[in-house]
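# predicted model follows, preceded by the sequence.
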Amino acid sequence: MKKYFGRITGALLLLAATNLPTGALGTEAPFERPHEPEALSLPTGERQLFLDDHLIAKTEDLKRTLHQPDKKGAVIVPDRPWEVSLQTRCAPAWDPEQGLYKLWLITSTRISDDAGATYAESQDGVHWTKPNLGQREIEGSLENNFVALDPAMKWPENAIENVVYDGEDPNPSRRFKGFLGCYDREPIFSRDGIHWSRPGLPKIPSQDESNLSYDLRTRTFIATLKQTGPFGRSHGLSTSRDFLAWTTPELVFHADEEDQVRAKQNIEERLANTKLAPPLHVDPTAYKADIYNLPIFRYEGLYLALPSVFHTTYLGDDGDDGFHLIQLACSRDLHQWTRVGDRQTFIGPSNKGIGAYDTMQILPPSAPVMHGDEMWFYYT
């Protein structure tokens with residue numbers, strides 16, 4: 001794994017968002033379409049979010065205000081002797097047959113360069129347990145929650161970072177679908193999310209970050225895969241209707257010139273804020289921004305994304321340094337994206353000195369969990 005100063009060392013955090021950004025009275029330049037808009041056919045019962053101007057003919061004396069989710073604290077922490085750090089790129093999947101939320105983690109151990117996929121489950125999404133699965137030996141014991149498709153596989157080949165539940169597949173052995181490997185994702189299947197099969201399908205080209213969600217409305221699996229693009233880390237889109245054949249990844253999201261201007265401002269504001277943890281290493285000549293991670297998921301009438309913007313403060317042979325700020329973006333077609341709230345931070349760091357884990361590196365899940373009228377985001 002690539003070394004970062006101020007690396008992730010902690011827990012998954014739960015936050016609840018009761019409201020997404022909506023219109024609020026204020027002072028914003030009036031908007032009016034230059035031509036009569038075409039009539040739109042909207043599905044009955046589908047909510048419409050006014051995060052962009054797609055459904056708006058005219059605005060006056062209106063200002064969009066970005067509302068950040070409420071943080072609820074850590075819900076899964078490293079509490080086993082061998083656990084060093086926990087991460088996730090998944091959203092908890094509800095298994096209606098067992099009545100459980102299931103979540104797959106990336107766990108680093110006390111063994112140098114050792115990591116792998118682990119599993120946790122919960123009845124309410126707040127209180128989680130790590131059952132002993134007996135699949136992989138750690139420090140001489142099988143009493144752990146590691147998921148091992150092949151116990152002989154090592155990191156990064158053994159990673160199972162992205163998993164979704166598919167209740168419509170007629171084959172129960174394919175109820176859970178996921179990607180194997182930290183590079184070049186290989187589709188795999190499972191009946192219960194614990195015991196996995198590897199049918200030998202072609203791998204999807206990817207670097208070391210990916211996300212996966214399922215669009216129930218269009219019956220489409222959506223994968224975003226890290227690529228190299230303008231200004232560094234960027235992300236391609238690949239989709240599938242059956243999880244077997246995937247489209248060639250197409251670049252859909254990357255940083256731009258405006259991100260570089262904002263990066264310098266954000267870094268300087270961070271360094272001046274004594275309540276926030278500073279990077280360990282700072283070199284003003286290294287300041288830049290790119291898109292570290294990009295979850296995409298459908299919510300009602302549009303697609304939402306949580307671009308994790310990495311602000312680089314140092315580049316060196318001994319490792320890089322910097323911090324993440326998670327933004328919110330929306331799209332109607334998965335290809336053209338609008339940054340919501342003028343690129344303001346949707347999920348940012350907690351203050352130092354309060355026992356919080358999310359003080360530096362923050363990475364979002366592939367999708368939220370809908371809980372009543374709230375969206376719950378489980379992030380690293």
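Cool, the structure landed.

# number of residues surrounding Cys53?
Quick fix: residue 53 is Asp, not Cys. 14 (other CB atoms under 10 Å). C-beta here means a position set from N, CA and C on the backbone, and glycine is covered the same way.

# next, His262: secondary structure please.
Careful, residue 262 is Arg and not His. Assigned by DSSP: H, G, I helix; E, B strand; the rest coil, the conformation of Arg262 is helix.

# so it makes contact with Arg343?
Yes - here Arg262 reaches Arg343: they are 6.1 Å apart, a contact under CB atoms under 8 Å.

# show me the contacts for Leu244.
Contacts for Leu244 were tallied using CB atoms under 8 Å, 6 or more residues apart in numbering; they are Pro187, Leu201.

# what does the one 3 residues further on give?
Residues in contact with Thr247 (CB under 8 Å, 6+ apart) are Leu237, Ser238, Thr239, Ser240.

# contact partners for the second one?
Residues in contact with Ser238 (CB under 8 Å, 6+ apart) are Ile204, Ala223, Thr224, Leu225, Trp246, Thr247, Thr248, Pro249, Glu250.

# ok so it is a strand residue?
Yes - Ser238: assigned to a strand according to three-state DSSP.

# beta partners of it?
Beta bridges link Ser238 to Ala223, judged by DSSP bridges.

# show me the shaky parts of the stretch 1-150 of the chain.
The model of the stretch 1-150 of the chain has pLDDT under 70 over residues 1-39.

# among the contacts of Ser238, which ones are buried?
Ile204, Ala223, Thr224, Leu225, Trp246, Pro249 (16 or more other CB atoms under 10 Å).

# pull the most distant pair out of the residues you listed.
Spanning the widest gap among the buried ones among the contacts of Ser238 are Thr224 and Trp246, at 12.2 Å by CB to CB.

# nearest to Val163, out of the contacts of Thr247: which one, please.
Using CB to CB, the contacts of Thr247 come closest to Val163 at Ser240, 14.8 Å.

# you'd agree that closest one is up against Arg219?
No - the pair Ser240 / Arg219 is not scored as a contact, 10.1 Å apart, by CB under 8 Å.

# so what sits against both of those two?
Counting by CB under 8 Å, 6+ apart, Ser240 and Arg219 have no contacts in common.

# still on that earlier bit, so which of the contacts of Ser238 belong to strands?
Ala223, Thr224, Leu225, Glu250 (DSSP state E).

# with pLDDT added, can I get these in JSON lines?
Converted to JSON lines, the ones in strands among the contacts of Ser238 look like this (pLDDT from 0 to 100):
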{"residue": "Ala223", "pLDDT": "99"}
{"residue": "Thr224", "pLDDT": "99"}
{"residue": "Leu225", "pLDDT": "98"}
{"residue": "Glu250", "pLDDT": "98"}
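
# going by distance to Asn162, which of the residues you listed wins?
Ala223 (7.4 Å).

# now stretch 286-303: average pLDDT?
Average pLDDT, stretch 286-303: 96.

# centre of the chain versus it, how much separation?
In terms of CA atoms, centre = their mean, to the nearest Å, the centre of stretch 286-303 is found 8 Å from the chain centre.

# what's the first-to-last distance across that stretch?
33 Å (CA to CA, to the nearest Å).

# and it, which residues are buried?
Neighbour-count burial for stretch 286-303 [16+ other CB under 10 Å]: 286-299, 301-303.

# again with stretch 87-100
Gln87, Thr88, Arg89, Cys90, Ala91, Pro92, Ala93, Asp95, Leu100.

# got it, and stretch 54-66?
Neighbour count says stretch 54-66 has His54, Thr59, Leu62, Arg64, Leu66 buried, by 16+ other CB under 10 Å.

# please identify which of those residues is nearest to Ala356.
For the buried residues of stretch 54-66, the nearest to Ala356 is Leu66 (21.2 Å; CB to CB).

# that closest one touches Leu328, doesn't it?
Yes - using CB under 8 Å, Leu66 is in contact with Leu328, at 7.0 Å.

# who's in contact with Arg233?
Taking CB under 8 Å, 6+ apart, one finds Glu209, Lys226, Ala255, Asp290, Ile291, Tyr292, Phe310 in contact with Arg233.

# for these, which one is nearest Gly353?
Taking those together and measuring to Gly353 by CB to CB, the closest member is Phe310, at 23.8 Å.

# report the contact partners of that closest one.
Phe310 touches Arg233, Ala289, Asp290, Ile291, Tyr292, Gly322, Phe323, His324, counting by CB under 8 Å, 6+ apart.

# equivalent analysis for Asp208, please.
With CB under 8 Å, 6+ apart, Asp208 has these contacts: Lys2, Pro156, Cys182, Tyr183, Lys226.

# and Phe323, by the same measure?
Contacts of Phe323 (CB under 8 Å, 6+ apart): Gly6, Arg270, Pro279, Phe310, His311, Thr313, Pro349, Met360, Gln361, Ile362.
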